[in-house]
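>>> the sequence isn't on hand, but the structure is:
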């Protein structure tokens, strides 16, 4: 399984960019995919996850502002980010895993993208 993120860049506070993650390779019928971020000097934080049945979960820090979604026909994962704040500045990663428990803990995931930088000023 390979994942490639896109859509990052420099954004003004209050902006609403959308990140994309193209997923290729074998994807089990039961999967979990998520978005994570890591700011300099901080641990990687899970911010959103989506299960194969469509159930979603969010970290408190982004709930109500960010939305995770997936278009199965395109095997593409999205993260719509609204009302961005400077503290949202980080490297954003998508990740996937097959079967098992689904959540926002990074150690639940075995497949990771290389990340895309989002800088909010």
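Looks like it arrived, so ask away. For clarity, every value in this text was computed on a predicted model and none was experimentally measured. Residues are numbered from 1 along each chain as shown.

>>> show me the strands in the protein, by range?
Assigned by DSSP state E, the strands in the chain fall at 2-6, 9-11, 18-24, 31-38, 45-51, 56-58, 66-71, 76-81, 90-98, 111-112, 116-120.

>>> same for the last one, what does it pack against?
To tie it back to what came earlier, the one meant is strand 116-120. strand 9-11, strand 90-98 (3 or more Cβ pairs under 8 Å, 6 or more residues apart in numbering; DSSP states H and E). Bear in mind the C-beta positions are built from the backbone N, C-alpha and C, glycine included.

>>> comparing those strands, which comes out most buried?
Ranked by average neighbour count under the criterion mean count of other Cβ atoms under 10 Å, the helices and strands packed on strand 116-120 are headed by strand 90-98 at a mean of 22.

>>> residues touching that one, excluding its own?
1, 3, 5, 8, 19, 21, 23, 27-28, 30-39, 42, 44-45, 77, 79, 106, 108-118 (Cβ atoms under 8 Å, 6 or more residues apart in numbering).

>>> just checking: what are the partner strands of it?
Note on strand 90-98: by DSSP bridges, its sheet partners are strand 31-38 (antiparallel), strand 111-112 (antiparallel), strand 116-120 (antiparallel).
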